[in-house]
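>>> here are the coordinates; sequence isn't available:
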């Protein structure tokens, strides 16, 4: 069910399609929202004139705000999703090159990724992505749950995922031709859980993670890291592996506490 702020934004924009066009995204993406994602609030406010306090009172009116940890989780998930789903753009490479870190495992992975981004050109990054994930016929890596869990594409893990996505009210985006069990898409869903795009309590998030990511994601990331084609993506895989491991541990702590 859509919250009040989202319903008002849709009405003010003139419908779901108009809101999507104004934001420059696909209509099914907006159709899947239960509330406006935190990173879209200001754009929706500008487009519709509906105040941010109305759009997301949990963020801007003193309610149960998404805390910094959840925002950071969403940021990591969505960054990894973007890098795994598409070759990096010049803008993204520039952003990666400016990343800062600290002495934590994730902070060190950020530093490594920034150094790798500074050492690669846009053409080299695009060629690397092509070799790893597209290829002539197929790429070196098939980042799909079905493949890693059964050895074949379009198998039971994909059917199980589709059942869970339907139960959660998450629809396939228009124009997306990848099977939904692509690792980048799964991480994008987890990012949507973390930033409030999709409604999911911690138990639901853990269940999704345990069923669709934990059994195979680290193996896939390890394969990326050791590929002879991987340079920038060696650092992407390192960040992904460290983050998935941290999420696994955090879910266990949250459920037990």
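Great, that's in hand. Owing to the predicted nature of the structure, the values given are computational and were not obtained by experimental measurement.
>>> got the contact list for stretch 77-92?
Residues from elsewhere that reach stretch 77-92 (C-beta atoms under 8 Å, 6 or more residues apart in numbering): 96, 117, 122, 125-126, 129-130, 133, 143, 178, 182-185, 187-188, 190-191, 194-195, 232-233, 236, 239-240, 243. The C-beta positions use only the backbone N, C-alpha and C, and glycine is treated the same way.
>>> From the residues you listed, list the buried ones, please.
96, 117, 125-126, 129, 133, 143, 182-185, 187-188, 190-191, 194-195, 232-233, 236, 239-240, 243 (16 or more other C-beta atoms under 10 Å).
>>> Mind checking which of the contacts of stretch 77-92 land in helices?
96, 117, 122, 125-126, 129, 183-185, 187-188, 190-191, 194-195, 232-233, 236, 239-240, 243 (DSSP state H).
>>> for residue 105, what are its contacts?
Per C-beta under 8 Å, 6+ apart, neighbours of residue 105: 242, 246.
>>> now with 10 Å?
If a contact means C-beta atoms under 10 Å, 6 or more residues apart in numbering, then residue 105 has 238, 239, 241, 242, 243, 245, 246 as its contacts.
>>> ditto for residue 41
5, 9, 35, 50, 52, 53, 55, 56, 59, 60, 196.
>>> buried sites along the helix or strand hosting it?
Element membership of residue 41 [criterion: DSSP states H and E] is helix 41-48. Of the residues in helix 41-48, those with enough neighbours to count as buried (16+ other C-beta under 10 Å) are 41, 44, 45, 47, 48.
>>> nearest to residue 200, of the residues you listed?
Nearest to residue 200, judged by C-beta to C-beta, of the buried residues of helix 41-48 is residue 41 at 18.9 Å.
>>> so how far is residue 35 from that closest one?
10 Å (C-beta to C-beta, to the nearest Å).
>>> Check residue 148 too.
33 Å.
>>> more neighbours, the two?
residue 35 (23 against 19; other C-beta atoms under 10 Å).
>>> Surely the more buried one and residue 8 touch.
No: contact criterion C-beta atoms under 10 Å: residue 35 and residue 8 do not qualify, at 11.4 Å.
>>> Pull up the overlap in contacts between those two.
Joint contacts of residue 35 and residue 8 (C-beta under 10 Å, 6+ apart) are 2, 55.
>>> one step back: could you single out the nearest of the contacts of residue 105 to residue 20?
Nearest to residue 20 among the contacts of residue 105, with distances taken as C-beta to C-beta, is residue 243, at 29.7 Å.
>>> got a pLDDT number for the closest residue to the closest one other than its chain neighbours?
Spatial nearest neighbour of residue 243, excluding adjacent residues (C-beta to C-beta, 6 or more residues apart in numbering): residue 76 at 5.1 Å. pLDDT recorded at residue 76 is 95.
>>> buried residues in the helix or strand containing residue 76?
For residue 76, the host element (DSSP H and E) is helix 68-85. Residues of helix 68-85 classed as buried by neighbour count (16+ other C-beta under 10 Å): 71, 73-74, 76-85.
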